[in-house]
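Undergrad: just to be clear, the model below is a prediction. Sequence and coordinates:
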Amino acid sequence: MNKDQVLKIFNIEDITELPDAVMRVLFSNEKDDIFKELIKVNHGDMSHDWFQDMYESELAERKQKKQDFTPNSLSVICSQLTDQRGTIHEPTAGNGSMIIADWWERSSKKLPWGVFPSKNIVDCWELSNRSLPILLLNLSIRGMMGYIHHGDVLENDCKQLYILLNKHDDCLSFSEIIKANNNDKIVAQNDNRRCL
């Protein structure tokens, strides 16, 4: 996916507008259509963060927040070295490249009907206002479930909690994004998932 395609999909003129445009889309009725277009432009390849190269060169806050990005190859190696069961904790998620690599390593080894987002909950933190929208998009478009804390993990200061909810526990579905209270949790009820 190139910069021109992103500008067109999100109907923006400058790449610096991307975080705000993504956040608007995530909470709009056009989310599913935009997600389908992103998948189409990326030829259905869900194995990596489509925005990483563009983000690093155009939007990163390296000086202010010391942002740096994990190469996809290192993310894959880290995933392969772990047990790959249970909750995925990521204290500095960025755009989610390490989470995506781990999700791909877990889910690509099974048939779609054998992958349950509720068995692979994500619990991550991100401080950057610029990275957070891309992180939410990256995890939601892949149908992940879990908690995204927008805030400072070192200070345990969460400005906003987002819950990714895949109501049907279907890895081929998009996750709903819910602005939540800091104590809200995902619970099972009659084989459906909901937020409390």
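TA: Sure thing, it's come through. Residues are numbered from 1 along each chain as shown.
Undergrad: now residue 87: how far from residue 187?
TA: 15 Å (C-beta to C-beta, to the nearest Å). Just so you know, the C-beta spots here come from the backbone N, C-alpha and C atoms, and that holds for glycine as well.
Undergrad: please name the residues that touch residue 41.
TA: 1, 5, 9 (C-beta atoms under 8 Å, 6 or more residues apart in numbering).
Undergrad: just want the most central residue of the chain.
TA: Among the residues of the chain, the one closest to the centroid is residue 139, at 2.5 Å (C-alpha atoms, centre = their mean).
Undergrad: and the contacts of residue 41, which is closest to residue 125?
TA: Nearest to residue 125, judged by C-beta to C-beta, of these is residue 1 at 26.1 Å.
Undergrad: kindly state the pLDDT recorded for that closest one?
TA: What the model reports as pLDDT for residue 1 is 89.
Undergrad: give me the number of residues near it?
TA: Using other C-beta atoms under 10 Å, residue 1 has 15 neighbouring residues.
Undergrad: from what I see, it and residue 40 are in contact.
TA: No. Residue 1 lies out of contact with residue 40 (C-beta atoms under 8 Å); the separation is 10.2 Å.
Undergrad: then stretch 160-170 to PDB, C-alphas only?
TA: Extracted in PDB, the C-alpha atoms of stretch 160-170 (Å, rounded to 0.1, in the frame of the first residue of the first chain):
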ATOM      1  CA  GLN A 160      -8.900   6.300  27.600                       C
ATOM      2  CA  LEU A 161      -9.600   2.600  27.600                       C
ATOM      3  CA  TYR A 162     -10.800   1.100  24.300                       C
ATOM      4  CA  ILE A 163     -12.200  -2.400  24.200                       C
ATOM      5  CA  LEU A 164     -12.000  -4.500  21.000                       C
ATOM      6  CA  LEU A 165     -15.100  -6.700  20.900                       C
ATOM      7  CA  ASN A 166     -15.600  -9.500  18.400                       C
ATOM      8  CA  LYS A 167     -19.200 -10.400  19.400                       C
ATOM      9  CA  HIS A 168     -19.300 -13.600  17.400                       C
ATOM     10  CA  ASP A 169     -15.800 -14.700  18.400                       C
ATOM     11  CA  ASP A 170     -15.100 -15.100  14.600                       C
END
